[in-house]
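[1] all I have is the shape, not the residue letters:
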């Protein structure tokens, strides 16, 4: 008899948890600026904007698609030399976002970065690992501020960077 009640309690707890988890998972689109701090690169710093679409596949896992555009400033290697200009890159990535709770997440993405500088187009393999959290704007809205930090590597260390992204997230 006790085993039946224990099993009933366990099933009830799992059902309530699953229902609550489903409430917090929504489709979302976020857009916002980002700052790229480069490591071991011919670039000083980068900045840009990115958009991210999230599609829930379970209570805690979303599939994400990311597209953006970034400008990187080249380092001046000679003292007093003229500025070498900026380079533009277009990252296109897809990945998985895992929510530890309704506001805190980690994500991993793979994709390609289009380098169309120096007169030719080149696709660079890219991966990124990151974490972040959502800041509610008000209690009745599904819209939030998405603050994320990631490490990203393009084409065998061509550009390793830490990215900081602050985005407005539209949920529905």
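    Cool, the structure landed. Just so we're clear, the structure is a prediction, and the values are computed from it rather than from any experiment. Residues are numbered from 1 along each chain as shown.
[2] all helices for this protein, in order.
    2-24 (DSSP state H).
[3] where does the prediction get shaky in it?
    For the chain, applying pLDDT under 70 flags the ranges 1-25, 77-84, 119-120, 157.
[4] if we go to 90?
    Applying pLDDT under 90 to the chain flags residues 1-26, 39-45, 73-87, 102, 115-124, 138-142, 154-160, 172.
[5] hmm, residue 112 and residue 94 touching each other?
    No: using CB atoms under 8 Å, residue 94 is not in contact with residue 112; the gap is 9.9 Å. Heads up, the C-betas are built off the backbone N, CA and C, glycines and all.
[6] compare those two (neighbour count), which wins?
    Neighbour comparison, residue 94 and residue 112: the larger count goes to residue 112, with 17 against 14 (by other CB atoms under 10 Å).
[7] could you give the bridge partners of that one?
    On the basis of DSSP bridges, residue 112 is bridged to residue 92, residue 125.
[8] that one is in contact with residue 127, isn't it?
    No: if you go by CB under 8 Å, residue 112 and residue 127 don't touch, sitting 10.5 Å apart.
[9] quick one: residue 33 from residue 63, how far?
    To residue 63, residue 33 is 24 Å away according to CB to CB, to the nearest Å.
[10] what number of residues lie near the nearest residue to residue 105 once chain neighbours are set aside?
    Distances taken as CB to CB, 6 or more residues apart in numbering place residue 99 nearest to residue 105, at 4.8 Å, with adjacent residues excluded. For residue 99, the neighbour count with other CB under 10 Å is 21.
[11] now swap in residue 156 and tell me
    Neighbour tally, residue 156, other CB under 10 Å: 7.
[12] so what's it up against?
    Counting by CB atoms under 8 Å, 6 or more residues apart in numbering, residue 156 makes contact with residue 125.
[13] distance of it relative to residue 109?
    Counting by CB to CB, the gap from residue 156 to residue 109 is 17 Å.
[14] same question, residue 144
    Taking CB to CB, one finds residue 144 at 20 Å from residue 109.
[15] now swap in residue 133 and tell me
    18 Å.
[16] out of the two, which sits in the busier spot?
    The neighbour count for residue 133 versus residue 109, taken as other CB under 10 Å, is higher for residue 109 (22 against 16).
[17] list the contacts of the more buried one.
    Neighbours of residue 109 in contact, by CB under 8 Å, 6+ apart: 64, 66, 93, 94, 95, 96, 126, 127, 128.
[18] reformat those as CSV; add distance to residue 161.
    Shown next, in CSV, are the contacts of residue 109 (distance: CB to CB, whole Å):
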residue, distance to residue 161
64, 19
66, 15
93, 14
94, 19
95, 17
96, 21
126, 10
127, 12
128, 9
